[in-house]
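Participant: Structure here, sequence nowhere to be found:
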């Protein structure tokens, strides 16, 4: 829900058991007849923010003078007149970084559910995660040894 | 008060009020953060800082804002006009959306969220991961070599530190067992005679350290302000932006600074709990403290070189964050038995 | 309410998909794909899959699409112009689309809708319930994912390495 009435102190954050059936009921006053209910304010907020931002962006054209000249509209490259378009081939490093980012981002996404449940999973969960992390540490070591992280 | 929540109309009154408060407070706070930064930096560098417009220069930002709003904000030639305008829009929208899950109205036993959802902090990650677009697209659409290089560089920087940031919070989630900010702040310990909430930094100091470093990098602030490395890239992706569109990028940057400070407060420093201080004041004071830390860092450290920055992110923070997760996991399971 | 949101974001997803294949500048195609991904995330949310909603944004909009942007930066100012040489594709593709929709329609005939089993919406789709499934029932797929990521890492390094010889 979009508010909280005196979240009781000392309430275990989410006493999850491994059986789905034994999940606790929500602490919020109303039943969640529809989960969307807690996201509707978010949706409205998104719309309001987009409206506000759009207004500011359009104001930037309305306010202020508009006297374009050829020199003014030219790209600023420290006084040197640009001969070529800005877009050109760039280092493969950026591509590599983005690839590695996806790999470790997906890894991190698996960490979050594990983290919230690890107190219930105990050693079982820890060993599961060690196997997962072990393989990824191999990946990390491989990338490291092959200079995937070097930029100089 | 609490009857109001159960009423379907009262519920919406609260939601709309919360949104209005978020937007108003954030916009005001951003302006005063800039003022605060300029004054603090001034004093760090032994000069007075802004002190002409209004008492203590407090109206300086209003003056700057009005001036910039009425400056010409042109779109450079041979650019992709649509993307050029959309890019700063994404920056501001992403910055404001993060506040949907951060509590903004706090009083004893009452907290307002726009959306207090189960996925909590992840929603902030999701929204702030869209920041990359603002920077890459701004750089791409400017048709300027400095902009393009600056944009791509800072995009690579953002994504590199995003992982370290995500992983640095995993120990906190492990301890609390929830992603909701409310659960994290309300996490209660029973230490001998003491029962109550604690600042979680006591339990995950390394996590806090990684979070702080990554957050500075994520907000593109000194010593990680490579995107705007003036000496080599002029203004980075900002080079071709002027007037209100320029303001939008800066607005986003300072909102992000406040967001990162608020998150540090909520995740590691006990949020709205501070001895007998009223919750709103406690939260405010802690956020101001972290904003000051940001400014202090800016006044103290020189900028990193780009290869050093990437080395720090990938070869130091990422492995350290993973080791931190492993060690915390083993300790939790051992202590819990 | 839910049906209105579904229609809006469903249409947005389709519009994004059309944008991906019709824009001539690659960067606009990528942005259209981002719109598709964000709309899909909202559709996940409509199915009460909160965690998948966030992950969809973090991984697809926040990571995979950024890679696409970088690829465009790598390719340089390439711009797809004109109808291209393979003109017969237009006719052929519309034929395939028709066949595809026919297939979809035929498939939907056999679908029987029913209420899902455990629909405590405080539980379903939360991080906790995803974790329960992921770390008990679907343990092997989870562990195999790490191998998949390892393969991806090796592939990325192999593709981008400098030829020593």
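Facilitator: All right, it came through fine. Note that the structure is predicted; figures quoted are calculated from it, not measured.
Participant: count of residues packed around residue B:14?
Facilitator: As a burial measure, residue B:14 scores 22 neighbours (other C-beta atoms under 10 Å in any protein chain shown). Glycine gets a C-beta too; all of them are placed from N, C-alpha and C.
Participant: Just the pLDDT at it, thanks.
Facilitator: pLDDT for residue B:14: 73.
Participant: Next: residue B:154.
Facilitator: In this model, residue B:154 is scored at 86, pLDDT.
Participant: Tell me, how many residues neighbour it?
Facilitator: Neighbours of residue B:154 under the rule other C-beta under 10 Å: 28.
Participant: Please look at it and residue B:221 and confirm they touch.
Facilitator: No - with contact defined as C-beta atoms under 8 Å, residue B:154 does not reach residue B:221; the gap is 11.6 Å.
Participant: Rounded mean pLDDT for stretch A:50-70, please.
Facilitator: For stretch A:50-70, mean pLDDT rounds to 84.
Participant: again with stretch B:121-138
Facilitator: Confidence for stretch B:121-138, expressed as mean pLDDT, is 89.
Participant: again with stretch B:289-302
Facilitator: Averaging pLDDT along stretch B:289-302 gives 90.
Participant: contacting residues around the residue nearest to the spatial centre of chain C?
Facilitator: By C-alpha atoms, centre = their mean, chain C has its centre lying nearest to residue C:37, at 5.7 Å. Residues counted as contacts of residue C:37 (C-beta atoms under 8 Å, 6 or more residues apart in numbering or on different chains) are C:56, C:57, C:60, C:61, C:65.
Participant: Does the helix or strand harbouring residue C:148 reach chain B?
Facilitator: Using DSSP states H and E, residue C:148 sits within helix C:139-160. No - applying C-beta under 8 Å from any C-beta of the partner chain, one finds helix C:139-160 separated from chain B by no less than 12.5 Å.
Participant: The helix or strand hosting residue A:58 close to chain B?
Facilitator: Counting by DSSP H and E, the element that carries residue A:58 is helix A:40-62. Yes - applying C-beta under 8 Å from any C-beta, one finds helix A:40-62 in contact with chain B at A:41-42, A:44-46, A:48-50, A:52-54, A:56-57, A:59-61.
Participant: next one: stretch C:15-35
Facilitator: Yes - against chain B, stretch C:15-35 shows contacts by C-beta under 8 Å from any C-beta at C:25, C:27, C:28, C:31, C:34.
Participant: Of the residues you listed, which is the nearest to chain A?
Facilitator: If you rank these by distance to chain A using C-beta to the nearest C-beta, residue C:27 comes first, at 9.6 Å.
Participant: The closest one and residue B:233, how far apart?
Facilitator: For residue C:27, the distance to residue B:233 equals 21 Å [C-beta to C-beta, to the nearest Å].
Participant: what sits against residue 73?
Facilitator: With no chain named, the answer covers chain A. Neighbouring residues of residue A:73 by C-beta under 8 Å, 6+ apart: B:74, B:75, B:76, B:77.
Participant: Chain B, not that one
Facilitator: Residue B:73 touches A:60, A:61, A:63, A:64, B:242, B:243, B:244, B:245, B:246, counting by C-beta under 8 Å, 6+ apart.
Participant: Buried among the residues you listed? Make that a PyMOL selection.
Facilitator: Buried members of the contacts of residue B:73, defined by 16 or more other C-beta atoms under 10 Å in any protein chain shown, are picked up in PyMOL with:
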select buried, (chain A and resi 60+63+64) or (chain B and resi 242+243+244+245+246)
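Participant: any idea how far residue B:51 is from chain A?
Facilitator: Noted for residue B:51: a distance of 28 Å to chain A, by C-beta to the nearest C-beta, to the nearest Å.
Participant: Which pLDDT value belongs to that residue?
Facilitator: Looking at residue B:51, its pLDDT reads 81.
Participant: ok, how many other residues are close to residue B:39?
Facilitator: Residue B:39 has 19 nearby residues by other C-beta under 10 Å.
Participant: Could you give the separation of whatever helix or strand it lives in from the chain centroid?
Facilitator: For residue B:39, the host element (DSSP H and E) is helix B:8-44. Remark: helix B:8-44 is offset 13 Å from the chain centroid, using C-alpha atoms, centre = their mean, to the nearest Å.
Participant: How about stretch C:59-70?
Facilitator: How far stretch C:59-70 lies from its chain's middle: 11 Å, per C-alpha atoms, centre = their mean.
Participant: With stretch B:127-144 instead?
Facilitator: For stretch B:127-144, the distance to the chain centre is 17 Å (C-alpha atoms, centre = their mean).
Participant: near chain A at all, it?
Facilitator: Yes - contact of stretch B:127-144 with chain A (C-beta under 8 Å from any C-beta) involves B:140, B:142, B:143, B:144.
Participant: If you count surrounding residues, which of residue C:27 and residue B:233 has more?
Facilitator: Taking neighbours as other C-beta under 10 Å, residue C:27 and residue B:233 compare with residue B:233 leading, 23 against 20.
Participant: quick one, what contacts the more buried one?
Facilitator: Counted by C-beta under 8 Å, 6+ apart, residue B:233 has contacts B:146, B:149, B:150, B:153, B:226, B:227, B:239.
Participant: Specify which member of those residues is nearest to chain C.
Facilitator: The closest of the contacts of residue B:233 to chain C turns out to be residue B:149 (C-beta to the nearest C-beta; 9.9 Å).
Participant: Would you check how far apart that closest one and residue B:206 are?
Facilitator: 34 Å.
Participant: Assess the claim that residue B:127 and residue B:97 are in contact.
Facilitator: Yes - shown here, residue B:127 and residue B:97 form a contact pair, counting by C-beta under 8 Å, at 4.5 Å.
Participant: out of these two, which sits in the more crowded spot?
Facilitator: Per other C-beta under 10 Å, whichever of residue B:127 and residue B:97 has more neighbours is residue B:127, with 25 against 22.
Participant: In chain A, what residue spans correspond to strands?
Facilitator: Using DSSP state E, the strands assigned to chain A run over residues A:3-5.
Participant: which regions of it sit below the pLDDT cut-off?
Facilitator: A:1-37, A:152 (pLDDT under 70).
Participant: hmm, 50 instead?
Facilitator: Chain A contains residues with pLDDT under 50 at A:1-33.
Participant: center of it - which residue?
Facilitator: Nearest to the mean C-alpha position of chain A, by C-alpha atoms, centre = their mean, lies residue A:105 at 9.1 Å.
Participant: And the pLDDT at residue B:330?
Facilitator: Value listed for residue B:330 in the pLDDT field: 91.
Participant: That one reaches residue A:126, doesn't it?
Facilitator: Yes - using C-beta under 8 Å, residue B:330 is in contact with residue A:126, at 6.9 Å.
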